[in-house]
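1. just the structure for this:
(one chain, ligands or ions: 1)
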Amino acid sequence: MDDAVSVRDLVVDRGRQRVLQGISCVVPRGAVTGLLGPSGSGKTTLMRAIVGVQTVSSGTVTVLGRPAGAAELRHRVGYLTQAPSVYADLTVRENARYFAVLQGRGRADADRAVSDVGLAKAADQLVGTLSGGQRSRASLACALVGEPELVILDEPTVGQDPVLRADLWARFHAMAATGTTLLVSSHVMDEAARCDRLLLIRDGRLVADDTPDAVRATTGVDDLEEAFLRLIRASEQEGAGEREE
Ligand SMILES: Nc1ncnc2c1ncn2[C@@H]1O[C@H](COP(=O)(O)OP(=O)(O)OP(=O)(O)O)[C@@H](O)[C@H]1O
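-> Residues are numbered from 1 along each chain as shown. As a prediction, the model looks like this:
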């Protein structure tokens, strides 16, 4: 089957800065793809372009066979932003039910989404009184409640303890096993190892697009953090070489 997302020669300028410098990559269906890269490398910008909320300077982004941002993709793509997007003056359950209605879903779907992110016990608590990690999971429940075909998650496990992180990753893989496509950004290298595929970007350029095992084989190191450092250093040297020519 064709890929869920196909990005071709994508250039994005934000302010006066060229943030994505001609990225081409695909996100395969029914798998968890990790989006890794240093802070400010362009991960959120790439995700915004895939969701269709980012003005692009040139290139194309095709999502589930349609141009990114097309109206018919609204219910098919879920997006978790870094800042939780939930209502502080509603309970977790009320938030989930509200977003469920927007997605044409019912109360049972909302309650299941809340329980899937480990918030069943806090379901009747106002979101404004939750911890940061709980609020972020409430937001995740609302992004997943419509069971979208493509799920874009910007650092979904920030602020979560190791047990919850493991639970969330198990959930992501269970979703992928039923055909959902996930693109997940992260700063945490042990999470990179949990992905089926990895996209590594630096300074708005793609440095690696491979499986974790292939990244280890190419760099000759088992530790993915060290492997990424090597790839990033190699790309910096390449960049310096090009500038000197
Ligand atoms: N609204 C904006 N206006 C101008 N420049 C922006 C804007 N948002 C982001 N940028 C710049 O675009 C670049 C890429 O930002 P982006 O948020 O995509 O990076 P990131 O890899 O997601 O970073 P992080 O891991 O820290 O979240 C950064 O240099 C940032 O300063």
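2. mind checking the SS state of the residue lying closest to Phe228 once chain neighbours are set aside?
-> Nearest residue to Phe228, sequence neighbours excluded (Cβ to Cβ, 6 or more residues apart in numbering): Leu200, at 6.0 Å. Quick note: C-beta positions are derived from backbone N, CA and C, even for glycine. Counting by DSSP: H, G, I helix; E, B strand; the rest coil, the backbone at Leu200 sits in strand.
3. quick one: end-to-end distance for stretch 52-67.
-> Terminal residues of stretch 52-67 lie 8 Å apart, using Cα to Cα, to the nearest Å.
4. what do you get for stretch 68-86?
-> 24 Å.
5. pull out the buried residues from that stretch.
-> Buried residues in stretch 68-86, defined by neighbour count with 16 or more other Cβ atoms under 10 Å: Ala68, Gly69, Leu73, Arg76, Val77, Gly78, Tyr79, Leu80, Thr81, Gln82, Pro84, Val86.
6. can you tell me what sits against that stretch?
-> Contacts of stretch 68-86 with the rest of the structure, by Cβ atoms under 8 Å, 6 or more residues apart in numbering, involve 44, 47, 49-53, 61-64, 66, 92, 95, 103-104, 127, 135-136, 138-140, 142-144, 146, 148-156, 158.
7. now that stretch: mean pLDDT?
-> Model confidence over stretch 68-86 averages 92 on the pLDDT scale.
8. which stretches of the protein have low pLDDT?
-> Where the chain drops to pLDDT under 70, the residues are 1, 241-245.
9. and the biggest helix by length in it, C-alpha only, in PDB?
-> As assigned by DSSP state H, the longest helix anywhere in the chain is helix 224-244. Extracted in PDB, the C-alpha atoms of helix 224-244 (Å, rounded to 0.1, in the frame of the first residue of the first chain):
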ATOM      1  CA  LEU A 224      21.300   5.200  19.200                       C
ATOM      2  CA  GLU A 225      22.300   8.500  21.000                       C
ATOM      3  CA  GLU A 226      25.900   7.900  20.000                       C
ATOM      4  CA  ALA A 227      24.800   6.900  16.500                       C
ATOM      5  CA  PHE A 228      22.800  10.100  16.100                       C
ATOM      6  CA  LEU A 229      25.800  12.200  17.300                       C
ATOM      7  CA  ARG A 230      28.000  10.500  14.700                       C
ATOM      8  CA  LEU A 231      25.400  11.200  11.900                       C
ATOM      9  CA  ILE A 232      25.000  14.800  13.000                       C
ATOM     10  CA  ARG A 233      28.800  15.400  13.200                       C
ATOM     11  CA  ALA A 234      29.200  13.700   9.700                       C
ATOM     12  CA  SER A 235      26.500  16.000   8.300                       C
ATOM     13  CA  GLU A 236      28.100  19.000   9.900                       C
ATOM     14  CA  GLN A 237      31.400  18.100   8.300                       C
ATOM     15  CA  GLU A 238      29.700  17.600   4.900                       C
ATOM     16  CA  GLY A 239      28.000  21.000   5.300                       C
ATOM     17  CA  ALA A 240      31.300  22.700   6.100                       C
ATOM     18  CA  GLY A 241      32.900  20.900   3.100                       C
ATOM     19  CA  GLU A 242      30.200  22.200   0.800                       C
ATOM     20  CA  ARG A 243      30.600  25.800   2.100                       C
ATOM     21  CA  GLU A 244      34.400  25.700   1.500                       C
END
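10. helices or strands up against it?
-> Based on contacts counted as 3 or more Cβ pairs under 8 Å, 6 or more residues apart in numbering; DSSP states H and E, the elements that helix 224-244 packs against are helix 189-192, strand 197-202, strand 205-210, helix 212-219.
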